[in-house]
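Q: Predicted model follows, preceded by the sequence.
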There are 2 protein chains.
Amino acid sequence: MELDVEPVARESTAGIIARQLRAAITTGSLAPGAQLGEAELANQFQVSRGPLREAMQRLVQEGLLRSEPHRGLFVVDLEPEDVYDLYAARTAIESAAAIRVIRADPRPVGELWTAHERMTSAADREDPAAVSDADLEFHERLVALSGSKRLARMMRTLMVETRMCLTALQRTYADVRERVSEHGAIIEAIAEGDERLATALLERHMEDAVRRLAPGTSLFTSRSEG
Amino acid sequence: MELDVEPVARESTAGIIARQLRAAITTGSLAPGAQLGEAELANQFQVSRGPLREAMQRLVQEGLLRSEPHRGLFVVDLEPEDVYDLYAARTAIESAAAIRVIRADPRPVGELWTAHERMTSAADREDPAAVSDADLEFHERLVALSGSKRLARMMRTLMVETRMCLTALQRTYADVRERVSEHGAIIEAIAEGDERLATALLERHMEDAVRRLAPGTSLFTSRSEG
DNA sequence: GATCGTATGATTGTCAACAATCCGCGGGTT
DNA sequence: AACCCGCGGATTGTTGACAATCATACGATC
């Protein structure tokens, strides 16, 4: 009697609320710098302040919320400095993921191409929002395919912050065609097992993104300049 | 009137408790798989269950605790699979950190040599515990020097897990001299600005660590074998 | 008029009691 | 003997109330 079922009731209330808070931050309905009033939010979620506070502590740990004791919890606002820190962190995670994908046997590049096609078709439809979604979906998929729990967990937080950047700066960044082709090149490098090329392309891809978001600042600027 | 002071009372109760819990897990006084009884712990910390639960949620988010709703919170137990996932994640973070250190101007390698000397002297004294401490201290310092908030936050969690591995497997791993020289080579590569070499050495260093901890398993094994 | 002090309202932090769920044990049945 | 059922204790989840702290507005003083 070997049922392949997954445990029921596997998520705590704090986990559910945390997920929704994360979503609210992603969409921008909780804007950067905004304070999270406990009473109000508790009412919206229809729970008391206890579970809500537990959920918020999770986001504090993630770095999505900033705690000012006896004052309140606030959505972090991303300084220019954070933008490239964020993309540097993504470079670290995604490069490592790419390497793991390359070294897997067989290489699961199929799903990458699938995500890529979604992005291409969104670009053809000239649907900027869908392009951005497919874009991020691709990067998330890459990390998921690495099979690493830890990389995946870190990536989830970084994705929220990335979306924060995009909505905060009101840019579903431009140059659609360029980004599509960059993704394609990355997948090809992965498919061919060229670790050096894949990581180099990823790094360039990130630098381009930073340039598009915050002109002038670059990834890997020395701290003495920044 | 420009005082360079830091805000007072900057840490919440949940943060303090979380830090102590992390320490307890690090030292092994909270062993892998152990359940965290809320009543008992609350008594030890002399707080009520509320703040304690908030602190525990932080560790859940970190992946240091596993939540089974209505049953309790448990310290994660690291499966063999987790050991190399952990070291793969560390490779990702530390390689990225090394690159950032290399690209900084000036390259802050002094602190790395300092940490390295501490490890050397501990090795000369033949003090295994001190060697392990200095070892991890070196890796933590490397990431700190990268100047990346996000890499640093991720690293903190990974360090706790690393110590869990060491104490769980009762190994302050052997081959002291080899590890010391590996660190030295890494610092030299960083000092000379050789990114390829530095990351390659770091990766080999991690693979050696995994081999020492869990013989047979290797970093970057394909999922079809594992 | 500016600054300091104070009162007041609102919000966060903490707690202890209540509700819900789980675990273990004993009794009963087949 | 094996299994099911249900009860009691223990633990977790949730709640509302209370204490402490913070922000704001108002008035007093120099």
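A: Ah, there it is.
Q: what helix or strand does the residue nearest to the spatial centre of chain A sit in?
A: Central residue of chain A (Cα atoms, centre = their mean): residue A:159, 0.9 Å from the mean position. In the assignment (DSSP states H and E), residue A:159 maps to helix A:149-168.
Q: now for that helix, which elements pack on it?
A: On a contact count with 3 or more Cβ pairs under 8 Å, 6 or more residues apart in numbering or on different chains; DSSP states H and E, helix A:149-168 meets helix A:13-27, helix A:80-103, helix A:128-145, helix B:80-103, helix B:149-168. C-beta: built from backbone N, CA, C; applies to glycine.
Q: How about that helix, which residues are buried there?
A: Across helix A:149-168, burial judged by 16 or more other Cβ atoms under 10 Å in any protein chain shown covers A:150-155, A:157-168.
Q: got a pLDDT number for residue A:1?
A: Among the per-residue scores, residue A:1 holds a pLDDT of 55.
Q: meant to ask about residue A:137
A: For residue A:137, the predicted pLDDT is 97.
Q: Check the one 5 residues further on too.
A: Each residue has a pLDDT score; the one for residue A:142 is 98.
Q: quick revisit: and the angle from the helix holding residue A:159 to helix A:13-27?
A: For helix A:149-168 against helix A:13-27, the angle by axes from the mean of the first three to the mean of the last three Cα atoms, to 10 degrees is 40 degrees.
Q: just checking, next helix/strand downstream of helix A:149-168?
A: Criterion used, DSSP H and E; the element after helix A:149-168 is helix A:176-191.
Q: That next one near chain B at all?
A: No: judged by Cβ under 8 Å from any Cβ of the partner chain, helix A:176-191 makes no contact with chain B; its nearest approach is 14.1 Å.
Q: Just want the angle from that helix to helix A:128-145.
A: Using the same axes, to 10 degrees, helix A:176-191 lies at 10 degrees relative to helix A:128-145.
Q: Can you list the buried residues in helix A:176-191?
A: Buried residues in helix A:176-191 (16+ other Cβ under 10 Å): A:176, A:179-180, A:182-191.
Q: got the CA coordinates for it in PDB?
A: The C-alpha trace of helix A:176-191 is given here as PDB (Å, rounded to 0.1, in the frame of the first residue of the first chain):
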ATOM      1  CA  VAL A 176      13.100  43.300 -25.000                       C
ATOM      2  CA  ARG A 177      14.800  41.700 -28.000                       C
ATOM      3  CA  GLU A 178      18.200  42.000 -26.400                       C
ATOM      4  CA  ARG A 179      17.100  40.300 -23.200                       C
ATOM      5  CA  VAL A 180      15.500  37.500 -25.100                       C
ATOM      6  CA  SER A 181      18.600  36.900 -27.100                       C
ATOM      7  CA  GLU A 182      20.700  37.000 -24.000                       C
ATOM      8  CA  HIS A 183      18.600  34.300 -22.400                       C
ATOM      9  CA  GLY A 184      18.900  32.200 -25.500                       C
ATOM     10  CA  ALA A 185      22.700  32.500 -25.400                       C
ATOM     11  CA  ILE A 186      22.800  31.500 -21.800                       C
ATOM     12  CA  ILE A 187      20.700  28.400 -22.400                       C
ATOM     13  CA  GLU A 188      22.900  27.400 -25.400                       C
ATOM     14  CA  ALA A 189      26.000  27.800 -23.300                       C
ATOM     15  CA  ILE A 190      24.400  25.600 -20.600                       C
ATOM     16  CA  ALA A 191      23.300  23.000 -23.200                       C
END
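Q: Cool, thanks, signing off.
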